[in-house]
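1. fold the stuff below for me.
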Amino acid sequence: MEKELFEQLEDILELDPGTVSLTDAFRDYDNWDSMANLSVIAMLDDSFGVHIASQDFKNLITVGDLAEEVKKRMA
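-> Numbers count the residues shown, from 1 in each chain. Okay, the predicted model is just below:
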């Protein structure tokens with residue numbers, strides 16, 4: 001699941017493969033903007049069947065936080 005999440009994030013943020021790591025604060029990526037924010041939320045729903053409300057999404061800081069939230073909601 002993490003590998004697919006990383007690949008999807010890299011695609012949305014137009015990053016080189018292998019760039020994303022669990023400890024990265026995803027909002028600190030150069031290409032992060034409001035459109036990326038919406039794209040990530042939509043990707044989580046489409047790819048993983050996980051709906052995260054905007055308010056809950058704001059509390060996630062790192063890629064690891066995002067991965068853990070996805071795992072928790074998929075269980």
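2. what mean pLDDT does the helix ranked longest in the chain get?
-> Across the chain, the longest stretch assigned as helix under DSSP state H is helix 34-48. Computed over helix 34-48, the mean pLDDT rounds to 95.
3. also stretch 3-12?
-> Mean predicted confidence for stretch 3-12 is 95.
4. next, find the distance separating the residue lying closest to His51 once chain neighbours are set aside from Thr19.
-> Among residues not flanking His51 along the chain, Asp45 sits closest, at 5.3 Å (Cβ to Cβ, 6 or more residues apart in numbering). Heads up, the C-betas are built off the backbone N, CA and C, glycines and all. Per Cβ to Cβ, to the nearest Å, Asp45 is found 23 Å from Thr19.
5. what does Asp65 give?
-> For Asp65 relative to Thr19 (Cβ to Cβ), the value is 18 Å.
6. ditto for Asp46
-> Distance from Asp46 to Thr19, by Cβ to Cβ: 22 Å.
7. of the two, which one has the most company?
-> Thr19 (13 against 10; other Cβ atoms under 10 Å).
8. I figured the more buried one hits Ile12, correct?
-> No: counting by Cβ atoms under 8 Å, Ile12 is not a contact partner of Thr19; they are 12.0 Å apart.
9. wait, Met1 touches Val70, no?
-> Yes: with contact defined as Cβ under 8 Å, Met1 counts as touching Val70 (6.8 Å).
10. what is in contact with the two at once?
-> Phe48 (Cβ atoms under 8 Å, 6 or more residues apart in numbering).
11. between the two, which one's more packed in?
-> Per other Cβ under 10 Å, whichever of Met1 and Val70 has more neighbours is Val70, with 21 against 11.
12. hang on, that one is in a helix, isn't it?
-> Yes: Val70: assigned to a helix according to DSSP: H, G, I helix; E, B strand; the rest coil.
13. report the contact partners of it.
-> Contact partners of Val70, counting by Cβ under 8 Å, 6+ apart, are Met1, Leu5, Leu44, Phe48, Val50.
14. and it, how far from Arg27?
-> With Cβ to Cβ as the criterion, Val70 and Arg27 are 17 Å apart.
15. coming back round to it: I'd like the contacts of Val70 as JSON lines, with distance to Ala36 appended.
-> As requested, those are arranged in JSON lines below (distance: Cβ to Cβ, whole Å):
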{"residue": "Met1", "distance to Ala36": "20"}
{"residue": "Leu5", "distance to Ala36": "14"}
{"residue": "Leu44", "distance to Ala36": "13"}
{"residue": "Phe48", "distance to Ala36": "17"}
{"residue": "Val50", "distance to Ala36": "17"}
